[in-house]
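A.B. asks: Sequence plus predicted model, see below.
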Amino acid sequence: MINLSSPVTGAPQTGLTSHTYTLSVDNSPPGDPGKQYAVTALGGTQVGVTTHTISSPFTVNFTRPATPKTIGAPNPVTGQISNVPNNVTRIITRKGVTPAANQQPRLLILRTEISCPAGADTYDAPNCRAGIALHIGAIHQQSAGIGDTVVTALLG
């Protein structure tokens, strides 16, 4: 279940201090079936950061598979399942950014796509969760470094 509680505390970033994001539910998100939240207020020190507007969005969107898939039957001779489709869950954050003076905002887009083989959610849930935990933990741990790399193109 996705139910963000507001405000969300931002992960560490160079130049942002004690930053929080107050959210409002967007009742018409793109990519149904999904949930989308828009940033309506900022907390902490975030000089120059803007909240959500139509022309400069600041949203986070969660979508689930529209039609969840299941695994096929095993081959009666080999016991192998040849058709294992994936169920895809997506998280997309959109932030309006200005590329230069006197220019209209353009979108900075962050995507995380989780493609889980059908059946693994039941048969191997602990390893599904562990992979997700590492992914999100690594991003959180390296949040400032990722931000620095996006700005400087240096991996360090």
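C.D. replies: It's in. Numbering: from 1, shown residues only.
A.B. asks: Could you measure from residue 36 over to residue 82?
C.D. replies: Here residue 36 is placed at a distance of 37 Å from residue 82 (Cβ to Cβ, to the nearest Å). C-beta coordinates here come from the backbone N, C-alpha and C atoms, glycine included.
A.B. asks: Of the two, which one has the most company?
C.D. replies: residue 36 (22 against 9; other Cβ atoms under 10 Å).
A.B. asks: In stretch 85-105, which residues are buried?
C.D. replies: Under the neighbour-count criterion of 16 or more other Cβ atoms under 10 Å, stretch 85-105 has 87, 89, 90, 91, 92, 93, 94, 95, 96 buried.
A.B. asks: Quick one: residues in contact with it.
C.D. replies: If you take Cβ atoms under 8 Å, 6 or more residues apart in numbering as the criterion, stretch 85-105 is touched by 31, 50, 53, 55-65, 68-71, 106-118, 121.
A.B. asks: List the contacts of residue 4.
C.D. replies: Contacts of residue 4 (Cβ under 8 Å, 6+ apart): 23, 37, 60.
A.B. asks: please redo it, this time with the cut-off set to 10 Å
C.D. replies: 21, 23, 25, 35, 37, 60, 62 (Cβ atoms under 10 Å, 6 or more residues apart in numbering).
A.B. asks: pLDDT at the third one, what is it?
C.D. replies: The one in question is residue 25. Looking at residue 25, its pLDDT is 94.
A.B. asks: same check, this time on residue 39
C.D. replies: At residue 39, the pLDDT recorded in the model is 97.
A.B. asks: Just the buried subset of the contacts of stretch 85-105, please.
C.D. replies: By 16+ other Cβ under 10 Å, the contacts of stretch 85-105 give 50, 56-65, 69, 116-118 as buried.
A.B. asks: Out of the residues you listed, flag the one nearest to residue 128.
C.D. replies: Among the buried ones among the contacts of stretch 85-105, residue 116 lies closest to residue 128 (Cβ to Cβ), at 5.8 Å.
A.B. asks: and the closest one, what are its bridge partners?
C.D. replies: Residue 116 forms beta bridges with residue 87, as assigned by DSSP bridges.
A.B. asks: wait, isn't it in contact with residue 65?
C.D. replies: Yes. With contact defined as Cβ atoms under 10 Å, residue 116 counts as touching residue 65 (9.2 Å).
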